[in-house]
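Student: here is a sequence with its predicted model. Questions after.
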Amino acid sequence: MRFAIMGSGGVGGYFGARLAAAGEEVTFIARGEHLAAIRRDGLKVSSIKGDVTIAPASATDDPAAVGVVDCVLVAVKAWQVHEAAEAIRPMVGPETLVVPLENGVEAADILAGVLGKGPVLDGLCGILAWRESPGHIRHAGVDPFVRFGERDNRASERTARLKAAFDRAEGVSAEVPDDIQTSVWSKFLFICAMSGIGSISRATIGETRTLSETRALIERILAEIEAVARACGVALPGDAVARAMQFIDALPPESTASMQRDIMAGRPSELESQNGAVVRLGLQYGVATPVNAVIYAALLPQERKARENA
């Protein structure tokens, strides 16, 4: 399959490299020093699942130069999805799949609003990875997985074809779940809680899950997200919060969320798409979200400043 990776940082760089190593035709959409390094030296991935270097690697900063592809993996930050959707138009043909791998629960809606419902699947991924330096991705935790599916949960030949491509790649587990919205929200539970607690405490997950006061706060964040999900009609399992907490407890103790890292570095973050989304949806569906509201309000001044300076 022909893949385009829209956003070639920790997430896109990792999964794109694994697909390329398996023989798929992959073009990385990148910019600046990262693009220059990939063009010069290829894309290097240092991973707990085994290192891989794609050299030479196909990379560009111009999606229009790529042409129509079979699948676009959208791996930009959640706040960049609308801009990315506009940019990838030239790569989307009648048979193209567009798969969001963002944190949050709104990316597929944003993509469909720009590109139409036809090409857009819903999707998510799990990985602890980041761009360590230009042309170099570091994967430090979590067994990498992707999950995707038709937004109405029907079985389709195109999702089966995409899963087959991922199945050929080492270091990746792929699944087409029975209910993709349940999967998206199940991930959102733990990543939003981890992002929120880390961003206001500036501490690692090992520290916040161990201290009784911050652990209790994590549990309250999770409970609010679960209540919003159920109000939205998402069929979360009865033990969804317990599963999310188990996942948090299994993370390497030094782990931090990407939203937290962005906030600590003074960069624009996914605040609006994570804790902000919980607050917005809670208001829409009449669900109280006091803990998420405090996190959102406390971080909003810095977020506004970061966006002004971006």
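Tutor: Thanks, I have it.

Student: can you get me a residue count around Phe190?
Tutor: Neighbour count of Phe190, defined by other CB atoms under 10 Å: 25. Every C-beta, even on glycine, is put in place using the N, C-alpha and C of the backbone.

Student: confirm it sits in a helix?
Tutor: Yes: with DSSP: H, G, I helix; E, B strand; the rest coil as the criterion, Phe190 is part of a helix.

Student: ok, it - contacts?
Tutor: Contact analysis of Phe190 by CB atoms under 8 Å, 6 or more residues apart in numbering lists 222, 244-245, 247-248.

Student: highest neighbour count among these?
Tutor: Going by other CB under 10 Å, Ala244 tops the contacts of Phe190 with 26 neighbours.

Student: quick one: secondary structure of that residue?
Tutor: helix.

Student: got a pLDDT number for it?
Tutor: On pLDDT, Ala244 comes in at 96.

Student: ditto for Ser258
Tutor: Per-residue confidence at Ser258 stands at 89 (pLDDT).

Student: ok, now Leu251?
Tutor: 89.

Student: run through the residues that contact the residue nearest to it when sequence neighbours are not counted.
Tutor: What sits nearest to Leu251 in space, not counting adjacent residues and going by CB to CB, 6 or more residues apart in numbering, is Ile205, at 5.3 Å. The contact partners of Ile205, by CB under 8 Å, 6+ apart, come to 194, 197-198, 248, 251, 253, 255-257.

Student: surely Gly141 is in a strand?
Tutor: Yes: Gly141 forms part of a strand when assessed by three-state DSSP.

Student: ok, back up a step: PyMOL command to pick out the buried ones of the contacts of Ile205?
Tutor: A single PyMOL command selects the buried members of the contacts of Ile205 (16 or more other CB atoms under 10 Å):
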select buried, resi 194+197+198+248+251+255+256+257
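
Student: which among the contacts of Ile205 gets closest to Val99?
Tutor: Distances from Val99 to the contacts of Ile205, taken as CB to CB, are shortest for Ala257 (21.4 Å).

Student: against Val287, how distant is the closest one?
Tutor: 23 Å (CB to CB, to the nearest Å).

Student: mind checking the backbone torsions on the closest residue in space to Ala78 that isn't next to it in sequence?
Tutor: Leaving aside its sequence neighbours, Ala78 sits nearest to Ser273 (CB to CB, 6+ apart; 3.5 Å). As for Ser273, its main-chain torsions (degrees, to the nearest 10) stand at phi -90, psi -10.

Student: what's the distance between Ser273 and Ile295?
Tutor: For Ser273, the distance to Ile295 equals 13 Å [CB to CB].

Student: what segments of the stretch 201-310 of the chain are helices?
Tutor: 205-210, 212-231, 240-250, 258-264, 275-285, 290-309 (DSSP state H, counting those that start in this stretch).
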